[in-house]
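Enquirer: here is a sequence together with a model predicted from it:
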Amino acid sequence: MNHYNKTTQLVAYLFGLLFMLIAEIQFMYMDKFEAQLAEFPILSSFSLPLSWLIPIIEIAIAILLFKRKTRLLGLYITSFWFVFFSFYIMFLLNASTYIPCACGHSFLTMSWVNQLLFNTVCILISAAALSFNKPNTYALSRQTRFTTHYHN
């Protein structure tokens, strides 16, 4: 395993642990999490199913990140998850006068602006891990030419 694969694996494991931690907190404080989701614009009528669905999705993403065969898919979904949540935060910051807190228990002190900055860093880290996972196109093209040349 080369340096880039080890870096990608480390990033995937750290994101997996983060998702597991957040999901655990959301399950431990389910009543509070559901009540806070009910205060959000757009989400209020879906607060009960979302209070279960969000941590289940986060656990599913973590499982994808922990398994070698699904790690790349997990990193793509992680990037999407952070981008989606960031856009929702930006919507709240720009369109709402009251912004409730549905943060994880340990993240209660993080403001929405700080959460947005945290998400941006996570997006950059996941993009870097995805770029590390790209195959060496020069080596692949060279191997293809070699195989084609000698098999004809």
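Expert: Everything's here; your move.
Enquirer: rest of the way, CA atoms for contacts and neighbours
Expert: Will do.
Enquirer: any stretches of the protein with poor pLDDT?
Expert: Counting by pLDDT under 70, the chain contains low-confidence ranges at 1, 3-4, 41, 96-109, 134-152.
Enquirer: quick one, strands of it?
Expert: In the chain, no strands are defined using DSSP state E.
Enquirer: who touches the residue nearest in space to the middle of it in this structure?
Expert: In the chain, the residue lying closest to the centroid (Cα atoms, centre = their mean) is Thr78, at 2.6 Å. Taking Cα atoms under 8 Å, 6 or more residues apart in numbering, we find Thr78 in contact with 15, 61, 126.
Enquirer: tally of neighbours for the second one?
Expert: By that I understand Ile61. If you count neighbours by other Cα atoms under 10 Å, Ile61 ends up with 25.
Enquirer: thought it was touching Ile77?
Expert: Yes: using Cα atoms under 8 Å, Ile61 is in contact with Ile77, at 7.1 Å.
Enquirer: in stretch 55-73, what's buried?
Expert: 55-56, 58-66, 71-72 (16 or more other Cα atoms under 10 Å).
Enquirer: just how off-centre is it within its chain?
Expert: 10 Å (Cα atoms, centre = their mean, to the nearest Å).
Enquirer: can you check stretch 70-77 too?
Expert: Counting by Cα atoms, centre = their mean, stretch 70-77 comes out at 9 Å from the chain centroid.
Enquirer: now swap in stretch 21-41 and tell me
Expert: Taking mean C-alpha positions (Cα atoms, centre = their mean), stretch 21-41 and its chain are 18 Å apart.
Enquirer: what residues of that stretch count as buried?
Expert: So for stretch 21-41, counting by 16+ other Cα under 10 Å, buried means 21-27, 30, 33-40.
Enquirer: which of these lies closest to Ile89?
Expert: Phe40 (10.8 Å; Cα to Cα).
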